[in-house]
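Asker: need a structure here:
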Amino acid sequence: MNPFFVFSNPLNDMLEGFKDLSFRVSGPLISSLTVMAIVAIVAIIVGIMARVHDPMKPEKGLLSLATGFVEYLEDWGENLMGRKPGNWTGYFLGLFAYLFLAFIWSITGFPSVIDTLIMPLALSLVMFILIQFTGLRYSKWKYFHRYIEPIPIFLPINLITMWTPIISTTLRMFGNALAGSVVIGLLNWALKNLSVAIFSGMAAAFPGTGLDNPAAIFLAPIPVAIFNLYFGLFSGYIQTLVFASLNGVWIAGEMPEQDPMGEVRQITRPGGEQPQA
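Answerer: Numbering: from 1, shown residues only. Model prediction:
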């Protein structure tokens, strides 16, 4: 086996690498890097297509899909954040693409990305940094006043609760992904044993015993594939939407409120009537 392709925890590999000054790449890390490479390559291709596209002609193919997705994210971000997302559209575009692919990556048969704890933790840390950066950007030094509200004695409690977004989103994402893997694993094990029990006569005609027998997988492929599609596609989309929505809500909470629509700000012309609110 290639020593650079080992199926273990990326965090544990990193810590062990510091001890013996070696470098090992785990299966989930390779999967994550592959997903990022796919997102980057597709983004580069779309960017090149957009640059050479004639704006007087309708968009087609991949460029049309990318444009529709960006428009959808702009509308979604505006409804969620209460304002035009602006540059945040690019962040949500990358987040949606990476996270959804990471959830469905196990369908390919390669090691899963999200059911390794360090991957959801890394995404939650990025979200936490963006939330704090947004707060500092708009509130300046007043940002730190929140930690002594309503009175300074609440400082220790506020410092502890500030980490809540990291903990809650990490455990939610990791728990849902791991639960899907566990359910699929248990279903696969149960169907293998049931297949051997039902088709014992067929199993006797093949070499091997128990779960090593080819007849053990007779009942497993179709149900396992259906559950894998459910936990990968449907559940993956829901978890991606929930995590992105929490990102948008918490980031928007650090921004100043905009003027409400419909507020009367017209200047009364000489001889005109005062506009009614």
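
Asker: Quick check: closest non-adjacent residue to the spatially most central residue of the chain.
Answerer: In the chain, the centroid-proximal residue (CA atoms, centre = their mean) is L99; its distance is 3.0 Å. Beyond its immediate neighbours in the sequence, the residue positioned closest to L99 (CB to CB, 6 or more residues apart in numbering) is T240, lying 4.5 Å away. To be clear about C-beta, it is placed using only N, CA and C from the backbone, and glycine gets the same treatment.

Asker: so what's the one you found up against?
Answerer: Going by CB atoms under 8 Å, 6 or more residues apart in numbering, T240 touches 95-96, 99-100, 103.

Asker: so where does it fall, helix or strand?
Answerer: Assigned by DSSP states H and E, T240 belongs to helix 235-252.

Asker: got the CA positions of that helix in PDB?
Answerer: The C-alpha trace of helix 235-252 is given here as PDB (Å, rounded to 0.1, in the frame of the first residue of the first chain):
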ATOM      1  CA  SER A 235     -29.500  15.100   3.300                       C
ATOM      2  CA  GLY A 236     -26.400  16.600   1.900                       C
ATOM      3  CA  TYR A 237     -28.400  19.400   0.200                       C
ATOM      4  CA  ILE A 238     -30.300  20.100   3.400                       C
ATOM      5  CA  GLN A 239     -27.200  20.200   5.600                       C
ATOM      6  CA  THR A 240     -25.500  22.500   3.100                       C
ATOM      7  CA  LEU A 241     -28.500  24.800   3.000                       C
ATOM      8  CA  VAL A 242     -28.700  24.900   6.900                       C
ATOM      9  CA  PHE A 243     -25.000  25.600   7.300                       C
ATOM     10  CA  ALA A 244     -25.000  28.300   4.700                       C
ATOM     11  CA  SER A 245     -28.100  29.900   6.100                       C
ATOM     12  CA  LEU A 246     -26.600  30.000   9.600                       C
ATOM     13  CA  ASN A 247     -23.500  31.700   8.000                       C
ATOM     14  CA  GLY A 248     -25.700  34.300   6.300                       C
ATOM     15  CA  VAL A 249     -27.800  35.000   9.400                       C
ATOM     16  CA  TRP A 250     -24.900  35.400  11.800                       C
ATOM     17  CA  ILE A 251     -22.900  37.500   9.400                       C
ATOM     18  CA  ALA A 252     -25.800  39.800   8.600                       C
END
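
Asker: one step back: which member of the contacts of T240 is positioned nearest L178?
Answerer: Closest to L178 out of the contacts of T240 is F103 (12.0 Å), distances taken as CB to CB.

Asker: is it true that that closest one touches A177?
Answerer: Yes - the criterion here is CB atoms under 8 Å, and F103 meets it with A177 at 6.8 Å.

Asker: Mutual contacts of these two, please.
Answerer: Counting by CB under 8 Å, 6+ apart, the residues touching both F103 and A177 are 114, 239.

Asker: Enumerate every residue touching the residue nearest to M127 when sequence neighbours are not counted.
Answerer: In space, and not counting its chain neighbours, M127 is closest to N247: 5.2 Å by CB to CB, 6+ apart. By CB under 8 Å, 6+ apart, the contact list for N247 reads 92, 95, 127, 130.
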